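**Student:** Please find the sequence and the predicted model below.
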Amino acid sequence: MRRLILVIALVALSGCATLAPERERPAMPVPEAWNAPAQTGPLAGVDELGWRDVFPDSALQKLISTALHQNRSLRQAVLAMDKARAQFGIARADRIPNIDASGQNSNQRLPADLHGGIEGIDRQWNVGLGISSFELDFFGRVKSLEDSALESYLATEEARRAAHISLVSQVARGYLTLAGDREHLALARETLESRQATLDLTMAQLAHGMSTELARHQAEEVVAVAQAEVARLTAQVAMDENALAVLVGVPVPELGLPARAINDVALRTTVEPGLPSELLTRRPDILEAEHRLWAAGAEIGAARAAFFPRIGLTTTAGLASLELTDLFDSAQRAWTFVPSITLPLFDAGRNKARLEAAKAEQQIRVAQYEQTIQNAFREVSDALAKNQGYEGQVKAQARRAASAEKSRLLVDQRFSAGLESAFAVHDAERTLFTARQNLLDARLARKLAMVELFTALGGGWQENGLHASAQ
């Protein structure tokens, strides 16, 4: 009993401390405020918003929900997290003695000169419980390896969250891009019809001597340009659907998406960015880099512990007998207690090299952590600036498109009355087409910028935010 208590005490005392360096989060290498004007109006923090709050469009919600269940890349991230969790379980188990039950029957024949002058066969029966080769972790080597495995597991959990956010963002961008290109295609077809009507009118005028061959060739040219644009955009829409199908995991036609104008896709347009320092606890890529940094520190602890003695323990308690019939007699109790110690004396510099490699790895992780923070700050600052700028662009492009529409109507009226040339009509149509294209591009860019901001702030990993809290 005293020996059992001693073993338990040694196990409890081992691994209470490690030789890993103190955890110290590097200073945040970014300003304390965003380089963008503050948004106005009622704002909600990104922590309060789920992706259903940011993307209230029902068709987009259906796409995102399907993608979160079907996407193969996200599935890989989840499986990687499961693997890291299992590896942490292995490392944690190394800190606890393995108790094994054993039974053995040994038979040995020895010659007379090795058996007290009598030739014979020795038989022995053994049963018992034992601890085999358990390392008493006085210098924290095993504890450091466990800490490293834990931080690696937590890092993969953050990587899964990052993959989740990225997938939500990619699906939203893919849906918006598809809606924008569909609208571009509709505009190109409308323009083709208009130019075809102009060509028909020019041909009629030519038949009555009211136009020229030059006007006819010019009209045919702009019709061919419009036909080429329709063909290009038709292919682009198909490619958009293919890209979206890869993200969602099922063919887009099976989802029955409605043909929706980009301006009709509902999207939250305001969010409170908070302070740059809040990104440290919100962005999964920053949290992943931080856990990788802590894991590298734990590896230093394990490398340092390799310079110190490794103390092992093997012990058994059970019954032993020469005869099976006597094996379970109380007088046949037996035990072994075999402590061992291994002290590194010469390893050709292996332990030192491992320690230097672990320290270098930690410095690499520090640099990666700081770079991740800098990239996150730039992404948020850029997204804030874009959201401020695109609002004005949309309004300006809308005014330009309205003016171009009025100009084209006036030119059409004058052309029908024979007061304008076909060249003026073509020029007005090109101007209107370009203006409407630019308006569509500005509207799409503004929507995409909001998706970019939401993603850069680290939102989107939860499904519901405001809706869930209201319930």
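**Tutor:** That came in fine, so what should we check first?
**Student:** quick one: stretch 256-268 to chain centroid distance?
**Tutor:** Centroid separation for stretch 256-268 versus its chain: 26 Å, with CA atoms, centre = their mean, to the nearest Å.
**Student:** Kindly format the C-alpha coordinates of it as PDB.
**Tutor:** Only the C-alpha atoms of stretch 256-268 are listed here, as PDB (Å, rounded to 0.1, in the frame of the first residue of the first chain):
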ATOM      1  CA  GLY A 256     -33.900  27.000 -58.800                       C
ATOM      2  CA  LEU A 257     -32.300  30.400 -58.200                       C
ATOM      3  CA  PRO A 258     -34.600  33.300 -59.200                       C
ATOM      4  CA  ALA A 259     -33.300  35.800 -61.800                       C
ATOM      5  CA  ARG A 260     -32.800  38.700 -59.500                       C
ATOM      6  CA  ALA A 261     -31.300  42.100 -60.400                       C
ATOM      7  CA  ILE A 262     -28.200  43.000 -58.400                       C
ATOM      8  CA  ASN A 263     -30.000  46.000 -56.900                       C
ATOM      9  CA  ASP A 264     -32.700  43.700 -55.600                       C
ATOM     10  CA  VAL A 265     -30.400  41.400 -53.700                       C
ATOM     11  CA  ALA A 266     -31.000  42.200 -50.000                       C
ATOM     12  CA  LEU A 267     -27.800  42.800 -48.100                       C
ATOM     13  CA  ARG A 268     -27.000  44.600 -44.800                       C
END
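**Student:** Can you list the buried residues in that stretch?
**Tutor:** Buried residues in stretch 256-268, counted by 16 or more other CB atoms under 10 Å: 257, 260, 262, 265, 267. Yep, even glycine has a C-beta here, placed from its N, CA and C like the rest.
**Student:** Pull the most distant pair out of the residues you listed.
**Tutor:** Using CB to CB, the two most remote members of those are Leu257 and Leu267, lying 15.8 Å apart.
**Student:** Residue ranges in this protein under the pLDDT threshold?
**Tutor:** Across the chain, the ranges flagged by pLDDT under 70 are 1-16, 32-33, 35-47, 112-117, 119-120, 254, 330, 460-461, 464-471.
**Student:** counting residues per strand, which one in it is longest?
**Tutor:** Taking DSSP state E as the criterion, the chain has its longest strand at strand 120-136.
**Student:** which non-adjacent residue is nearest the residue most central in space within the chain?
**Tutor:** For the chain, the residue nearest the mean C-alpha position is Ala163 (2.2 Å; CA atoms, centre = their mean). In space, Ala163 comes closest to Ala77 once its chain neighbours are excluded; the distance is 3.9 Å by CB to CB, 6 or more residues apart in numbering.
**Student:** just to revisit the earlier point, can you give me every residue that contacts the residue nearest to the centre of the chain?
**Tutor:** 73-74, 77 (CB atoms under 8 Å, 6 or more residues apart in numbering).
**Student:** List buried residues within the residues you listed.
**Tutor:** Buried by 16+ other CB under 10 Å: 74, 77, out of the contacts of Ala163.
**Student:** could you dump the contacts of Ala163 to a markdown table with distance to Ala172?
**Tutor:** Formatted as a markdown table, the contacts of Ala163 follow (distance: CB to CB, whole Å):
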| residue | distance to Ala172 |
| --- | --- |
| Ser73 | 16 |
| Leu74 | 15 |
| Ala77 | 18 |
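**Student:** Go through the contacts of Ala163 and flag which are in strands.
**Tutor:** Using DSSP E, no member of the contacts of Ala163 sits in strands.
**Student:** Show only the entries of the contacts of Ala163 found in helices.
**Tutor:** Among the contacts of Ala163, the members falling in helices are 73-74, 77 (criterion: DSSP state H).
**Student:** show me the contacts for Ile364.
**Tutor:** Ala296.
**Student:** Over to Leu448?
**Tutor:** Leu448 sits next to 173, 176-177 when contact means CB under 8 Å, 6+ apart.
**Student:** Next, the angle strand 120-136 makes with whichever helix or strand comes after the longest strand of the chain.
**Tutor:** The helix or strand immediately downstream of strand 120-136 is helix 141-207, counting by DSSP states H and E. For helix 141-207 against strand 120-136, the angle by axes from the mean of the first three to the mean of the last three CA atoms, to 10 degrees is 60 degrees.
**Student:** gap between the helix or strand following helix 141-207 and the chain center?
**Tutor:** Following helix 141-207 in sequence order, the next helix or strand is helix 213-248 (DSSP H and E). Here helix 213-248 is found 35 Å from its chain centre; the criterion is CA atoms, centre = their mean.
**Student:** Stretch 105-112 too?
**Tutor:** 64 Å.
**Student:** list the buried ones in that stretch?
**Tutor:** By neighbour count on 16+ other CB under 10 Å, the buried set for stretch 105-112 is empty.
**Student:** Pull out the CA atoms of that stretch and give them to me as PDB.
**Tutor:** Extracted in PDB, the C-alpha atoms of stretch 105-112 (Å, rounded to 0.1, in the frame of the first residue of the first chain):
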ATOM      1  CA  ASN A 105       2.900 -19.200 -18.100                       C
ATOM      2  CA  SER A 106       6.600 -19.900 -18.600                       C
ATOM      3  CA  ASN A 107       8.300 -23.300 -19.000                       C
ATOM      4  CA  GLN A 108      12.100 -23.700 -19.000                       C
ATOM      5  CA  ARG A 109      14.300 -26.800 -19.200                       C
ATOM      6  CA  LEU A 110      17.800 -26.400 -17.800                       C
ATOM      7  CA  PRO A 111      20.700 -28.900 -17.800                       C
ATOM      8  CA  ALA A 112      21.900 -30.400 -14.500                       C
END
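**Student:** contact partners of it?
**Tutor:** Here stretch 105-112 makes contact (CB under 8 Å, 6+ apart) with 118-126, 324.
**Student:** neighbours of Thr342, just the number please.
**Tutor:** Using other CB atoms under 10 Å, Thr342 has 10 other residues around it.
**Student:** For the closest residue in space to it that isn't next to it in sequence, give its distance to Asn98.
**Tutor:** Leaving aside its chain neighbours, Thr342 sits nearest to Arg310 (4.7 Å; criterion: CB to CB, 6+ apart). Arg310 sits 17 Å away from Asn98, going by CB to CB, to the nearest Å.
**Student:** Compare neighbour counts for those two and give me the winner.
**Tutor:** Between Arg310 and Asn98, counted using other CB under 10 Å, the more crowded position is Arg310 (18 against 11).
**Student:** what's the neighbour count on the closest residue to Val127 other than its chain neighbours?
**Tutor:** Of all residues not flanking Val127 in the chain, Gly103 sits nearest, at 4.7 Å (CB to CB, 6+ apart). When neighbours are defined as other CB under 10 Å, Gly103 has 11 of them.
**Student:** quick one: which helix or strand includes Gly103?
**Tutor:** If you go by DSSP H and E, Gly103 is part of strand 99-110.
**Student:** And Gly301, by the same measure?
**Tutor:** Assigned by DSSP H and E, Gly301 belongs to helix 284-305.
**Student:** Partner strands of the helix or strand following that helix, with direction?
**Tutor:** Under the assignment DSSP H and E, the closest C-terminal helix or strand after helix 284-305 is strand 310-321. Taking DSSP bridges as the criterion, strand 310-321 forms sheet pairs with strand 120-136 (antiparallel), strand 333-342 (antiparallel).
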